[in-house]
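# Would you be able to build a 3D model of this:
(one chain, ligands or ions: 1)
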Amino acid sequence: MDELDLAALQSEAFQTDALNQFKRHRQPDNNPGTACIDCEEEIPLRRRQAIPGCLRCVDCQQQHETEAACC
Ligand SMILES: [Zn+2]
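Now for the predicted structure:
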């Protein structure tokens, strides 16, 4: 590994750090992935615990299912 590779690596690490800090700053109370992908409202903790990895709030999930989409 020469100096150029090392510099690129450090730069990448710095950007990732800055990005993470930016995300944390924007969403102080939110963990990533806790917002409904349709309406972007926070999904209640109880729902997330009951359905790990769920992507939608109750309302949007029901609407999604009645629309008979593929996923
Ligand atoms: Zn929703």
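
# confidence score at residue 11?
For residue 11, the pLDDT comes out at 79.

# ok, it to the ion distance?
Here the criterion is C-beta to the ion, to the nearest Å. By it, residue 11 lies 38 Å from the ion. C-beta coordinates here come from the backbone N, C-alpha and C atoms, glycine included.

# what's the burial count for that residue?
Neighbour count of residue 11, defined by other C-beta atoms under 10 Å: 10.

# Point me to the helix or strand that includes it.
Following DSSP states H and E, one finds residue 11 within helix 3-26.

# Show me what secondary structure element comes after that helix.
Downstream of helix 3-26, the next assigned helix or strand under DSSP H and E is helix 45-50.

# Average pLDDT for that following helix, rounded please.
The model assigns helix 45-50 a mean pLDDT of 92.

# Can you dump the C-alpha atoms of it in CSV for me?
What follows is helix 45-50, C-alpha atoms only, in CSV (Å, rounded to 0.1, in the frame of the first residue of the first chain):
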residue,chain,number,x,y,z
LEU,A,45,-42.2,0.6,18.5
ARG,A,46,-44.8,-2.1,19.4
ARG,A,47,-45.5,-2.7,15.7
ARG,A,48,-41.8,-2.9,14.9
GLN,A,49,-41.3,-5.4,17.8
ALA,A,50,-44.2,-7.5,16.6
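
# Just checking it against the ion, any contact.
No: Helix 45-50 stays clear of the ion (C-beta under 5 Å from the ion), getting no nearer than 10.6 Å.

# Can you get me a residue count around residue 56?
Neighbourhood size, residue 56 [other C-beta under 10 Å]: 20.

# and what of residue 43?
Residues within reach of residue 43, counting by other C-beta under 10 Å, total 21.

# For it, which residues are in contact?
Each residue near residue 43 by C-beta atoms under 8 Å, 6 or more residues apart in numbering is listed here: 34-36, 54, 56-57.

# Contact residues of this protein facing the ion?
36, 38-39, 57, 60.

# Just flag the most distant two among those residues.
Maximum pairwise distance among the residues of the chain next to the ion (C-beta to C-beta): 7.6 Å, between 38 and 57.
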